[in-house]
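S.K.: Let's see this in three dimensions:
(chains A and B)
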2 protein chains.
Amino acid sequence: VRERGAVSAAQPQDGGRHRVVIIGSGFGGLFGAKAFQRADVDVTLISRTTHHLFQPLLYQLATGILSEGEIAPSTREILKRQKNVRVTIGDVTEVDLGARTVTSQVLETTTVTPYDSLIVAAGAQTSYFGHDDWAESAPGLKSVDDALEVRSRIFGAFEMAEIEPDPEARAQWLTFVVVGAGPTGVELAGQIAEAARHTLRDNFRSIDPAEARILLLDAADAVLGTFGDRLSGKATKTLRELGIEVELGAKVTGVDFTGVDLLGADGSPRRIGARTTIWAAGVRAADIGRQLADQVGLQVDRAGRLPVQDDLTLPGHPEVFAVGDMVTLKGYPGVSQFAMQGARHAAKTITARLAGKPVPGEFRYRDKGSMATVSRFNAVASIGNRQFAGFIAWLLWLGVHLVYLIGFKNRVSTLVNWAVTFIGNSRSERVVSHQQSVGRIVLNRRRLGPLGTPPSAPGDRTS
Amino acid sequence: VRERGAVSAAQPQDGGRHRVVIIGSGFGGLFGAKAFQRADVDVTLISRTTHHLFQPLLYQLATGILSEGEIAPSTREILKRQKNVRVTIGDVTEVDLGARTVTSQVLETTTVTPYDSLIVAAGAQTSYFGHDDWAESAPGLKSVDDALEVRSRIFGAFEMAEIEPDPEARAQWLTFVVVGAGPTGVELAGQIAEAARHTLRDNFRSIDPAEARILLLDAADAVLGTFGDRLSGKATKTLRELGIEVELGAKVTGVDFTGVDLLGADGSPRRIGARTTIWAAGVRAADIGRQLADQVGLQVDRAGRLPVQDDLTLPGHPEVFAVGDMVTLKGYPGVSQFAMQGARHAAKTITARLAGKPVPGEFRYRDKGSMATVSRFNAVASIGNRQFAGFIAWLLWLGVHLVYLIGFKNRVSTLVNWAVTFIGNSRSERVVSHQQSVGRIVLNRRRLGPLGTPPSAPGDRTS
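M.R.: Model (predicted):
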């Protein structure tokens, strides 16, 4: 496929090297940058965070198994040997498709970065389906901050139950509601159960942590719906064996600090008293998607996702690609592989144009399968037409993650912590920091830019 | 020594087992609790945090070497097999020496714990010598939250320098001021230098992190004054070889977000432009000391420390002991050994009384020596009359910490991270969380109780 009318996109506007700007340091952003390793381009990666978050293991940070450094290595450290990449901290406030610039901000420092080609991989955030006020009572699990907040709430709840004299309040502290039975919800509920039944054994004198109630709710009628009936059934069975109350067809109608209101599968309203609720039910694409859509006359979908063309570009802007969780294309799933493959496709297209070679054209997602751990030594995996459940699937999970982790330096400590938790039942990372709190930080965070500071922070008077 | 008039202190007031309450989970509190391992008593350990903080390694959390779980293991996990200990989360708001009760609070849950014997080991906090407003610009290094804040500021400063177009502001972001040249200040300055010169090498494109200025200020005329002239001189030399600007006799007169005002050794005023200032200059005893002093007619000293009797008890209250950083006794130093030995002395006294055996009487501190790491492979150590500097002292430091860490489970990951950092120059724990920020969190933290929540948090309506 030889592309027409896009040649100008390959010409650097200032006569220097072709400038590629990438927004985001997730799977799309990082692997997009890596795909230019041998390309004669200047890459600038702009990200709100200084780390690459390995999101599939976020639940392990939230439940005390791994530390934040283990799942969120420094982006610039990963890319330091790739001399054609510059990593820049910043909250992207504007993409000007006409001027071909990206504006980003930290504190009072504004950076305008011009591009010849742009790859937007800004990801997604938690969606409360129009009930943003629930965020305070029910944190999501999309960022390191979320995970630290959830960790503090889970381990803090047991602390509170231990000293709570009132039986009703104590029962609320010992009840954990996970909303959303996709991989994140399942993994989180499973690990809360493991922590309650195993890790915290013998830790308390007034309560028995094993008596904690863990509920996994979903409005849909299946756990891990995308894995198919057989694996969904196996996962549900394992979760119930762990003592997790799986409630399907349950629609959440309200969340506050002492519980969750819902309509059960039979349509009757109910309230579950719970002091810890975690929201793993929905995602909304990054806001920058809507801004791009407005500029090219597109409409984002209900989840805020940008409908890109089949080569991942924007209509009329062959130099602009969007990939990963923030886009919608042919129903491809919002998984890390979709982001990585999309970013590589974009990089290949850009380098092919520069070399005057045929461009890949249409993007086709190659499903490499999906997996979710349900509990220790138990997972489900769907790879091509083959399905695995139980210990075999868990070994697959372990293998895939080992291979992935080998790509990063210094991941030995991760293996040590896994051995400690999977074999020894212990969790070494369960610090309850004073910075996390019931509602306080979630509220603050929504207003925060990169480095945690509001735009008008006092720290930056002269810049 | 057979004690007189204190027999009543050994009689449990409710006819059950003798109730020991310990306030604090630091070295005093934890090792105090452990000292009752074989005693026929009920121990309640009340602490604001859920972890035992290994404070001598806090600087390693602050500079990206170790994770919070590695230096702050769960107190109740450490003590879980000791069935006569109950661990309780709570901010102690009142000790009533007459009623023999300790009142503690978390959220809206108030707990009143009666005691027959009490060991107060509440530690100390950062002191700004009457300038608490400096806390915002210059965080201390006494808690996990402090260390996470400092970590975010250090690594965040390099990020800001990378994107800062203004040369003056860039220089400020690349200037780090550590106030206080005791062990904490020296170790912190040394590790910032190591991070700038080694860890961050090749990480940036606009700045050279090795050009960072690191200043170590102290109003006294020596670095590590308590280590004696020879070791102090060696440490100063090593620090200067690392490129650290050591300024002695320098009195800080002001701190804000863009720099530090000081009076130099010659009395002339100067300003150092710096966006990162860390305060390691002073400590103030926990506030509960003053409350105890008021009840027995004592005066705390200028650092808020309680002048205990030579057996560590309060006058007229043989059942109440105070130990560690919050007390002053014969000029003994505020080090972990003083707290541990004091708490063990208190425990021995209590169990001797219960057994009707001679009590130890006067507390005598056994100096086991002190050590401080200056940089990678370089430390100073003073043990009895012997002094060590350089690699030998560093090996001693490593040995002592290895022995200590073996006392805790799962510390293999610490060793792995040390190997990674000391041999590989890398730092795997450098996440800049959005919860940390220039000034924001320090401000909030001062108002926070246990679990990070203010007393009137919305999460606790019914308790």
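
S.K.: In stretch A:262-280, which residues are buried?
M.R.: Within stretch A:262-280, the residues that count as buried by 16 or more other C-beta atoms under 10 Å in any protein chain shown are A:L262, A:I272, A:G273, A:A274, A:R275, A:T276, A:T277, A:I278, A:W279, A:A280. Placement of C-beta: from N, CA and C, glycine included.

S.K.: typo on my end, it should be stretch A:16-29
M.R.: Quick answer for stretch A:16-29 (16+ other C-beta under 10 Å): A:H18, A:R19, A:V20, A:V21, A:I22, A:I23, A:G24, A:S25, A:G26, A:F27, A:G28, A:G29.

S.K.: do the same with stretch A:189-202
M.R.: Those would be A:A189, A:G190, A:Q191, A:I192, A:A193, A:E194, A:A195, A:A196, A:R197, A:H198, A:T199, A:L200, for stretch A:189-202 by 16+ other C-beta under 10 Å.

S.K.: Which of the buried residues of stretch A:16-29 sits closest to chain B?
M.R.: Checking the buried residues of stretch A:16-29 against chain B with C-beta to the nearest C-beta, the nearest one is A:S25 at 12.1 Å.

S.K.: so what's that closest one up against?
M.R.: A:S25 sits next to A:L45, A:S47, A:T49, A:H51, A:H52, A:L53, A:T75, A:V87 when contact means C-beta atoms under 8 Å, 6 or more residues apart in numbering or on different chains.

S.K.: gap between the nearest residue to the fourth one once chain neighbours are set aside and A:S137?
M.R.: Read it as A:H51. The shortest distance from A:H51 to any non-neighbouring residue, by C-beta to C-beta, 6 or more residues apart in numbering or on different chains, is to A:A72 (3.8 Å). Counting by C-beta to C-beta, to the nearest Å, the separation of A:A72 from A:S137 is 25 Å.

S.K.: what do you get for A:A381?
M.R.: 34 Å.

S.K.: What residues of stretch A:86-104 count as buried?
M.R.: A:86-92, A:95, A:97, A:100-104.

S.K.: For the residues you listed, could you give me a markdown table that also reports secondary structure, distance to B:V416 and pLDDT?
M.R.: As requested, the buried residues of stretch A:86-104 are arranged in a markdown table below (DSSP: H, G, I helix; E, B strand; the rest coil; distance: C-beta to C-beta, whole Å; pLDDT from 0 to 100):
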| residue | secondary structure | distance to B:V416 | pLDDT |
| --- | --- | --- | --- |
| A:R86 | strand | 31 | 98 |
| A:V87 | strand | 26 | 97 |
| A:T88 | strand | 31 | 96 |
| A:I89 | strand | 28 | 93 |
| A:G90 | coil | 33 | 92 |
| A:D91 | strand | 34 | 91 |
| A:V92 | strand | 36 | 95 |
| A:V95 | strand | 42 | 98 |
| A:L97 | coil | 47 | 98 |
| A:R100 | coil | 46 | 98 |
| A:T101 | strand | 44 | 98 |
| A:V102 | strand | 39 | 98 |
| A:T103 | strand | 41 | 97 |
| A:S104 | strand | 36 | 95 |
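
S.K.: out of the residues you listed, who's near chain B?
M.R.: Within the set of those, contact with chain B (C-beta under 8 Å from any C-beta of the partner chain) is found for A:R86, A:V87, A:T88, A:I89, A:G90.

S.K.: A:A285: neighbour count?
M.R.: 26 (other C-beta atoms under 10 Å in any protein chain shown).

S.K.: Torsion angles phi and psi at it?
M.R.: Dihedral angles phi and psi of A:A285 (degrees, to the nearest 10) take the values phi -60, psi 150.

S.K.: Any idea what A:W279 is bridged to?
M.R.: A:V179 (DSSP bridges).

S.K.: Please point out which parts of stretch A:369-385 sit buried.
M.R.: A:S370, A:M371, A:A372, A:T373, A:V374, A:S375, A:R376, A:N378, A:A379, A:V380, A:A381, A:S382.

S.K.: Check stretch A:216-235 too.
M.R.: A:216-219, A:222-224, A:227, A:231-235.

S.K.: Mean confidence (pLDDT) on that stretch, please.
M.R.: Mean pLDDT, stretch A:216-235: 95.

S.K.: Now A:A193. Nearest residue, chain neighbours left out?
M.R.: A:L242 (4.4 Å).

S.K.: Equivalent analysis for A:P360, please.
M.R.: Closest to A:P360 by C-beta to C-beta, 6+ apart is A:K348, at 5.3 Å.

S.K.: other SSEs contacting whatever helix or strand that neighbour lives in?
M.R.: Assigned by DSSP states H and E, A:K348 belongs to helix A:336-354. In terms of contacts (3 or more C-beta pairs under 8 Å, 6 or more residues apart in numbering or on different chains; DSSP states H and E), helix A:336-354 is packed against strand A:18-23, helix A:27-34, strand A:41-47, strand A:117-120, strand A:317-322.

S.K.: can you rerun that using 10 Å?
M.R.: Contacts defined by 3 or more C-beta pairs under 10 Å, 6 or more residues apart in numbering or on different chains; DSSP states H and E place helix A:336-354 against strand A:18-23, helix A:27-34, strand A:41-47, strand A:117-120, strand A:317-322, strand A:327-328.

S.K.: any idea which of the ones you listed is most buried?
M.R.: strand A:117-120 (a mean of 30; mean count of other C-beta atoms under 10 Å in any protein chain shown).

S.K.: Comparing A:A72 and A:S137, which residue is more hemmed in?
M.R.: Using other C-beta under 10 Å as the criterion, A:A72 and A:S137 rank with A:A72 on top: 29 against 23.
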